[in-house]
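Undergrad: using only what follows, build the 3D model:
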Amino acid sequence: MTLSSARAGSARTFKFDVVKDQLLSPLMTYAALLNTLFSYERQLGTATYGVKGQVVIRGHEPIVLDNMFSGDQSPLAASTYIVGPLAAMMDNDYEKVDIASINLTMTTAEEPKTATLERVWLDDLRPRAGRTVPLKVLLKTYRGEDVLRTVPIAMPANATGPLTILVSDAQRLTQAETREARPALPRSVPQLIRVLNKTRRNNAVYVKLLSADPGAVVKGELLSSLPPSVLSVLEADRSGGSFNPLYNATLGEWEIPTEQAVNGVRSLSVTVSPN
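TA: The predicted model follows:
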């Protein structure tokens with residue numbers, strides 16, 4: 001682990017050997033991380049921790065770690081974020097995995113690097129199908145500074161009528177998707193790794209273009225904008241527990257990286273005209 005501290009002004013490198021055990025490996029890794037952070041960083045007060053790295057697993061793709069945590073409990077949140085995938089892999093029911101290493105780079109700052117999502121709007125008041133319109137996203141940092149970001153939204157060529165642009169932080173978007181889709185549990189270690197690698201980051205703003213077209217989640221796969229006849233067949237066979245209805249279709253998704261941990265959600269209703 002490399003710890004780049006604003007307090008020290010230089011980077012320190014640490015190496016730990018941890019026993020390979022289903023119960024002890026996550027606990028000892030968590031204790032090693034917290035003890036290191038508490039030894040070289042202050043334990044009280046607001047701070048920001050940036051985490052980058054990967055969990056290397058023999059015979060599989062690595063689990064990528066990339067996130068930011070800010071607040072009074074940021075050391076605990078950062079350590080939990082790192083140990084969570086390790087515990088999930090060692091406690092999985094599919095196969096025994098061999099964790100080769102955990103490589104980390106952590107950056108710290110003794111200030112809250114946070115931002116609030118204030119406002120979103122489109123420059124084009126009459127967006128047309130098949131065209132790209134700029135979406136403006138206004139963030140306000142913890143010091144009261146305005147940060148304006150722009151993301152080009154490509155309107156699908158076949159999309160007309162009312163649409164919704166959802167702009168959200170990582171936590172609220174993940175919660176909303178989990179409530180609606182209720183995704184199925186992974187069925188193998190590669191699927192579990194893919195789910196872990198799709199974890200959204202706190203230091204990013206997520207944009208989704210939605211339409212009110214019904215769909216379904218079948219065996220963990222999202223099927224949007226399904227014809228009524230297909231939905232009827234799936235609903236008739238929902239006794240197996242692998243069918244969950246969806247009430248919105250995702251027409252596009254974008255990610256805006258930031259230098260702060262973002263908090264907030266906004267939605268924008270637009271009417272798309274034919275091109």
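
Undergrad: can you pull out the low-pLDDT segments for the stretch 1-150 of the chain?
TA: Filtered on pLDDT under 70, the stretch 1-150 of the chain yields the residue ranges 8-9.

Undergrad: repeat that for 80
TA: Within the stretch 1-150 of the chain, the set of residues satisfying pLDDT under 80 comprises 6-10, 42-44, 125.

Undergrad: tell me where it has strands.
TA: Along the stretch 1-150 of the chain, the stretches classed as strands by DSSP state E, counting those that start in this stretch are 2-5, 11-13, 47-57, 63-71, 99-109, 114-122, 132-141, 146-154.

Undergrad: got a list of what the residue nearest the centre of the chain touches?
TA: Closest residue to the average C-alpha location of the chain: residue 200 at 0.7 Å, with Cα atoms, centre = their mean. Residues near residue 200 by Cβ atoms under 8 Å, 6 or more residues apart in numbering: 170, 171, 173, 174, 206. Bear in mind the C-beta positions are built from the backbone N, C-alpha and C, glycine included.

Undergrad: related to what we said a few turns ago, now the strands of the stretch 1-150 of the chain in TSV, with mean neighbour count and distance to residue 31?
TA: Written out in TSV, the entries for the strands of the stretch 1-150 of the chain read as follows (neighbours: other Cβ atoms under 10 Å; distance: least, Cβ to Cβ, whole Å):
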stretch	mean neighbour count	distance to residue 31
strand 2-5	17	16
strand 11-13	11	18
strand 47-57	20	17
strand 63-71	21	18
strand 99-109	18	14
strand 114-122	18	28
strand 132-141	17	34
strand 146-154	13	37
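
Undergrad: dump these to a markdown table, plus distance to residue 249.
TA: Putting the strands of the stretch 1-150 of the chain into a markdown table (distance: least, Cβ to Cβ, whole Å) gives the following:
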| stretch | distance to residue 249 |
| --- | --- |
| strand 2-5 | 43 |
| strand 11-13 | 46 |
| strand 47-57 | 33 |
| strand 63-71 | 28 |
| strand 99-109 | 38 |
| strand 114-122 | 20 |
| strand 132-141 | 19 |
| strand 146-154 | 15 |
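
Undergrad: which one of these lies nearest to residue 210?
TA: Smallest distance to residue 210 across the strands of the stretch 1-150 of the chain (Cβ to Cβ): 11.9 Å, for strand 146-154.

Undergrad: check the offset of the closest one from the chain's centre.
TA: The chain centroid and the centroid of strand 146-154 are separated by 19 Å, computed with Cα atoms, centre = their mean, to the nearest Å.

Undergrad: taking the contacts of residue 200, tell me the two that lie furthest apart.
TA: Pairwise distances across these peak at 10.4 Å for 171 and 206 (criterion: Cβ to Cβ).

Undergrad: between the two, tell me which one has more neighbours.
TA: More neighbours surround residue 206 than the other of residue 171 and residue 206, with 20 against 14 (other Cβ atoms under 10 Å).

Undergrad: give me the secondary structure label for the more buried one.
TA: When the structure is split into helix, strand and coil by DSSP: H, G, I helix; E, B strand; the rest coil, residue 206 lands in strand.

Undergrad: just give the number of residues close to residue 84.
TA: As a measure of burial, residue 84 has 16 neighbours, counting by other Cβ under 10 Å.

Undergrad: measure it to residue 73 for me?
TA: Going from residue 84 to residue 73 by Cβ to Cβ, to the nearest Å gives 15 Å.

Undergrad: residue 63 too?
TA: Distance of residue 63 to residue 73, computed by Cβ to Cβ: 23 Å.

Undergrad: same check on residue 85?
TA: Relative to residue 73, residue 85 is positioned 19 Å away (criterion: Cβ to Cβ).

Undergrad: residues contacting the residue nearest to residue 111 when sequence neighbours are not counted?
TA: Spatial nearest neighbour of residue 111, excluding adjacent residues (Cβ to Cβ, 6 or more residues apart in numbering): residue 48 at 6.5 Å. The contact partners of residue 48, by Cβ under 8 Å, 6+ apart, come to 68, 69, 70, 74, 108, 109, 111, 112, 113, 261.
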